[in-house]
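Student: the sequence and its predicted three-dimensional model are supplied below.
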Amino acid sequence: MALELRISAIDAGYGAVRALHGVSIGIRQGETVALLGTNGNGKSTLMKCVMGMVRPTRGSVSLDLDGETHDLTRLSTEEIVNLGVAMVPEGRRLFPKLSVEENLLLGAFRKPARADIGRNLAFSFEIFPVLAERRRQLAGSLSGGQQQMLAISRALMSSPRLLLVDEPSVGLAPILVSHTITKIRELKQRYGLTVLMAEQNFHQAIRIADRGYIIVHGEIVFDGRTVAELEQNPLVKNYYLGSAA
Amino acid sequence: MRLASFVLGLAFSAAALAQPAPVKIGMSMPQTGSLGAGGKAALLALQMWVDDVNAKGGLLGRRIEFIVYDDQTNPALTPGIYTKLLDVDKVDLIIAPYGTVPTAPIMPLVKQRGLLLMGNFSFQVNHTVKHDMWFNNSPWTDASSWSDGFIHIGQKAGAKTIAFLAADQEFAQNLANGARTLAKKAGLQTVYDQNYPPATVDFSAMIRAIRAARPDIVFVMSYPNDSVAIVRAINEIGVGDSVKLFGGGMVGLQFTPNMVSLGSSLNGIVNYNSYVPGVKYPGIEDFLQRYAKRALEAKVDPLGFYLPPFNYAIGQMLEQAINATKSLDHRKLADYLHKHEMQTIVGPIRFGPDGEWANPRVIHAQFRGVVDKDMEQFRHPGRQVILWPEQYKIGEAIVPFEKARGK
Amino acid sequence: MKFWIGVAATVALAAGLALSGTNEYFFYAGYVVLQFVVLATAWNILGGYAGYVNFGTAAFFGIGAYTAVVLFKAVGAPLGVQILAAACASGLLGFGTGLLTLRLRGIFFSIATVAVIFIMHTAIVNWRYVGGATGVQLLRPPAMPLFDSYTRMLFVVMAVLAVAGVCIARYIEVSWIGRGLRAIRDSEEAAECSGVPTLKLKLFACTVSGALMGAAGAPLPMYMSFLEPASSFDLNYSVSALAMPMIGGTSHWLGPVIGAILLGSVQQIVTVTISNEINVLVVGVLLVVFVVAAPDGVLGLLRKLKWLHRSSR
Amino acid sequence: MLFGILVGCFYAAVSVGLSVAFGLLDVPHVAHPALMVLGSYCTYLLGRYGWDPIVAGIALTPLFFLLGVAIYRFYYETFEKRGSDAGVRGLAFFFGLAFIIEVGLILVFGVDQRMVEADYIGKSLSLGGYRIPWRLLVAFGVALLLTAALTLYLSRTFTGRAIKAVAQDEPALRLMGANPVRIKQWAFGIATAVTALAGAMLIVVGPVEPSLDRVYIGRTFCVVVLAGLGSMTGTLLAGLILGVSESIVLTLFGASWAPAVAFGLLLVVLGIRPQGLFGR
């Protein structure tokens, strides 16, 4: 049961725009890693590189899984998902015209997940009871917080081993952010998930992170091996803890 | 090498000089679009005439060259096609396309240029233009020539009321208007009158309404697709026991594929026709036998009773007039056609001043004893019993309708 | 400047041809081709510039033709008046259609315009004054003194309409209206956000396009001396009006002109040469080949050639 | 009224394929009615060897499925993959395809209308003096079964749900581990397979000729748009609305107004509620 994601020295971008410059990060089994940085610094691009939605122009993305190494830059998004990697995309990307239940069931599209549907569904409804109440409702009619819950649950329906969460806090009221982060922690503990979470809300992120990276203008500027290291970093102080303070 | 080809070319042109230039006859014929099926069968008959004449040595000693274009049943195309025929192909004679709609746009052109035009199963197309060099081959003239037979048969059977069902398209509406006037004159009371749009899928509702109105006669003016659907609907729903006579102006029941596939459900229907077996015209049986062979190869209507003989007759009339006047002059030919009775495989034809037949003879015949899935049965007299006109009459109508259906 | 010389030359050429002894058939065929130039140009104003695919060409064309018939029958109006009135009527129809449907996007708009054809068709079928389903036969007045035949005159009239249509389309293309329409085509939201009055522009394009189509239809009853609804509201007009700019190229006013002349001539030639089912096939095959192999039409191909030519040097 | 319902169900049956292709996949599939007429002719061909039309229609579905897959593959490679402007050019492509099918049929079969024979054609069911044609009842039954089967398929299977989702957000569907192109290809295959059956219905209900597709472009799109895109039950209801309103107009105003009112209905719906009557 070994899992390790290794990203080394990748460049990536959209057309002429370079969003990432020589980024290297790694995540091992059972870790929760935070990817910290404000808007537009390349967090989402990095996530998309892992999912095969953006192809790096240089460098490698590889996933070691139970002794086998998979080169993710050669695989399609579907194939990566089938390896057991799931992402909660930025902006949630639900299917607004399908019901809550249909959205969840679509999450279990990958073959290995289909056997676990009953268990995963029950679990989703247990941690997010509101989804059970609204299972017949259209996803598009849910509130922002509920949509985030649905997006997370939907990703979990695929019984992932590595979960990528892109900006879970965006567009949510502070109380909901805190709630969502707590739930992610709960999930992680129950499932033994490995989590990579991109977030700009530093305070919330470090509540559950084991360690983290800080990314600025498409470059990793700091590799914090512990939460404490992160909190001590001057950059963090400047950017997040408020130089104003 | 060059010299050789030059000599060869010279030899050819010498041969061409020795042979008189062909007589060019041109027309456009709907080969696609709504009139395409009929048009192809009609064209085959004309082609047969051309072959026959050429085998006999041509017209005035000259071969016939037959130039045909497809107008796709689209009236917007025919003016262009006919000018092409006249000005580019330089044809000597022209024949009108099958049907009223493709013919109408060329009437002013023909009149303006003073050309002879042989009409082809159109309906009252010369009515407004009044061209005196127009000669139609159809056995009907105006709407009354079409419907008075049917109404006459109905009255003889003691009918007092009538129902109309008409397609909302050019030809059927013309007919319907004529029939309405005629029915009023005959003192028939109209109990139901419905126009239906093109591409109606199901007639059940209308047939049911007719049934509820309990008419004595049902006069139907329909287009091929609709005719088939209507026959099916009356078969399924029934028109009720009040109806003595059903049919009249259903286009499409003359076409072989339809007759074969409708089979026994045709029984009892009295419908117009141009020719049915049993009418003794000189030469028609021979023509139909030869036609049947070629139709099989050409994949067109295999029996060919409705249009082909009358198209062959167009050729015969031209042939007769040209041979008599020894000329291709349109005015002379037209004068001849006006003055003389033409002898054709559809009987003698004499033209009235408007270029329609002086004595229209639309046949009304009743389907009887028709069985399913048999084409050959229609070649024999008796499957369509002629009730009208008097001179060809074979029997009396069996009434009421349901009884005639053998049910 | 070059453009206006071209305009003058075209009109002069048309008039010169009509007054010369050229074969009559040329004018019949030429009339049809020119009519398609007008239709394709008109279609392109809305379809090419703004990206709104109008399937209702037949409706506007047919209404134009029937407006002319009504005026001719009622008051014997001269051809010029008929054309003007037809343009007004179809423009009005375009405006109405626009009001009702321009909030629809993509294929919904297209379907709505198909519906307009059927509704107009049915309305005319039920209107006995213009002959209903039967159609109406008309006796055209004698041609104007200069011309040998009425068709020659109609040919010149259609040439003038075509040139006028192209001028209008070109004006729209190069003016701020065209820029606005292109912005709508590329992204309607973005256009709206940057202050383009999208609804007004679309309504304008719809009205002008409809009016031109109506004007193209107005001389038809005189051309045929006959008019009936089934062929006037024929879906083929819609398909041709769409296929021609696609084949020629939709981004430039020259595209529909090239497409119309190309496809229109091919149709005319095929009608009198192959002359059977296959001529119906031509439009279909050409359309498919062009949209698949040359998405930017003939103009796109030419541009590519030029570019290749330049880059090889 | 009853006939309106029966005919309405028939309209629904001929529209469900389009409801999938256009409603769910956003493919501007104007060649749908042409494929349907092609199905009718194939049914007719098999009918000449003594096949029952319904059986023939069902037997044709695998073949049409493959045809649909091929058409979509081509459409995808030439238009969707290139991205921009797929709508306009795709529309033109399908129009051209419809033309080619139509003319192909004319070349092979000629312009004559064709029909099939079966025990249930030309007979009717008597219900207390009321006679209902069997062919409409058969069409009615098949329509109901077809709609029910498709509804179940779309809501109960993984592929079905993916088909419903694919047009809403393709990248998100990839994140579910499904390949949107494969899903669309599969769905288009199903839509085309259903079309074969609809073609069989068409020739059961009445005679067929090659240019019949033009009439059905209007009717099928009308039903699909009325239904609200991609809703199967909506398609059934919209078919019923069209059938019933046509029959009401037919009895009240005369048959010649029927087509305009049906399209008027469509325009009004598009103007007021573009998402359709039963859309979400």
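Tutor: Perfect, I can see it now.
Student: for the rest of this, base every contact and every neighbour count on C-alpha atoms.
Tutor: OK.
Student: can you confirm B:Arg208 is in a helix?
Tutor: Yes - judged by DSSP: H, G, I helix; E, B strand; the rest coil, B:Arg208 forms part of a helix.
Student: burial count for it?
Tutor: Counted with other Cα atoms under 10 Å in any protein chain shown, the neighbours of B:Arg208 add up to 18.
Student: what helices or strands is the lengthiest helix in chain D leaning on?
Tutor: Longest helix in chain D, counting residues (DSSP state H): helix D:180-205. Helices and strands touching helix D:180-205, by 3 or more Cα pairs under 8 Å, 6 or more residues apart in numbering or on different chains; DSSP states H and E, are helix D:2-18, helix D:32-47, helix D:53-75, helix D:134-156, helix D:158-166, helix D:170-175.
Student: change it to 6 Å
Tutor: Judged by 3 or more Cα pairs under 6 Å, 6 or more residues apart in numbering or on different chains; DSSP states H and E, helix D:180-205 is in contact with helix D:2-18, helix D:32-47, helix D:53-75.
Student: pick the most deeply packed of these.
Tutor: Of these, the one with the most neighbours on average (mean count of other Cα atoms under 10 Å in any protein chain shown) is helix D:2-18, at a mean of 28.
Student: other SSEs contacting it?
Tutor: With contacts defined as 3+ Cα pairs under 6 Å, 6+ apart, helix D:2-18 has these neighbours: helix D:134-156, helix D:180-205, helix D:232-252.
Student: can we see that at 10 Å?
Tutor: For helix D:2-18, the packing partners by 3 or more Cα pairs under 10 Å, 6 or more residues apart in numbering or on different chains; DSSP states H and E come out as helix B:204-213, helix D:32-47, strand D:130-133, helix D:134-156, helix D:180-205, helix D:213-227, helix D:232-252.
Student: is any residue of the last one near chain B?
Tutor: In this case it means helix D:232-252. Yes - Helix D:232-252 reaches chain B (Cα under 10 Å from any Cα of the partner chain) through D:247, D:250-251.
Student: between these, which sits nearest chain A?
Tutor: Proximity of the residues of helix D:232-252 next to chain B to chain A (Cα to the nearest Cα) peaks at D:Ser247, which lies at 33.5 Å.
Student: quick one, what contacts that closest one?
Tutor: By Cα atoms under 10 Å, 6 or more residues apart in numbering or on different chains, the contact set of D:Ser247 is B:202, B:205-206, D:1-5, D:7-8, D:241, D:253-255, D:258.
Student: most proximal residue of chain A with respect to chain B?
Tutor: A:Lys97 (35.1 Å).
Student: can you tell me the closest non-neighbouring residue to that residue?
Tutor: A:Leu138 (5.8 Å; Cα to Cα, 6 or more residues apart in numbering or on different chains).
Student: also B:Asn273?
Tutor: Sequence neighbours aside, B:Ile363 is the residue nearest to B:Asn273 in space, at 5.1 Å (criterion: Cα to Cα, 6+ apart).
Student: so who does that neighbour touch?
Tutor: B:Ile363 touches B:139-140, B:146, B:149-150, B:270-276, B:279, B:385-390, B:392-393, counting by Cα under 10 Å, 6+ apart.
Student: which of the residues you listed count as buried?
Tutor: If you count burial by 16 or more other Cα atoms under 10 Å in any protein chain shown, the buried members of the contacts of B:Ile363 come out as B:139-140, B:146, B:149-150, B:270-276, B:279, B:385-389, B:393.
Student: out of the residues you listed, list just those in helices.
Tutor: B:146, B:149-150.
Student: residue in chain A nearest to chain D?
Tutor: Counting by Cα to the nearest Cα, chain A gets nearest chain D through A:Glu78, at 4.1 Å.
Student: neighbours of that residue, just the number please.
Tutor: Residues near A:Glu78, counting by other Cα under 10 Å, number 22.
Student: try D:Tyr153
Tutor: 15.
Student: from C:Ala68, how far out is it?
Tutor: Using Cα to Cα, to the nearest Å, D:Tyr153 is found at 54 Å from C:Ala68.
Student: sorry, back to before: would CSV of the helices and strands packed on helix D:180-205 with distance to B:His338 be doable?
Tutor: Shown next, in CSV, are the helices and strands packed on helix D:180-205 (distance: least, Cα to Cα, whole Å):
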stretch, distance to B:His338
helix D:2-18, 53
helix D:32-47, 48
helix D:53-75, 54
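Student: out of the ones you listed, nearest to C:Leu161?
Tutor: Closest to C:Leu161 of the helices and strands packed on helix D:180-205 is helix D:32-47 (Cα to Cα; 35.7 Å).
Student: quick check: B:Pro308 touching B:Ala42?
Tutor: Yes - the pair B:Pro308 / B:Ala42 is scored as a contact, 4.6 Å apart, by Cα atoms under 10 Å.
Student: for those two, list the residues in contact with both.
Tutor: Jointly contacting B:Pro308 and B:Ala42 under the rule Cα under 10 Å, 6+ apart are B:Asp301.
Student: quick one: contacts of the host helix or strand of C:Leu13?
Tutor: Using DSSP states H and E, C:Leu13 maps to helix C:2-19. The contact list for helix C:2-19 (Cα under 10 Å, 6+ apart) reads C:1, C:20, C:22-24, C:26-27, C:30, C:146-149, C:151-164, C:166-167, C:170.
Student: swap the cut-off to 6 Å and go again
Tutor: C:152, C:156 (Cα atoms under 6 Å, 6 or more residues apart in numbering or on different chains).
Student: buried ones in it?
Tutor: Those would be C:7, C:10-11, C:14-15, C:17-19, for helix C:2-19 by 16+ other Cα under 10 Å.
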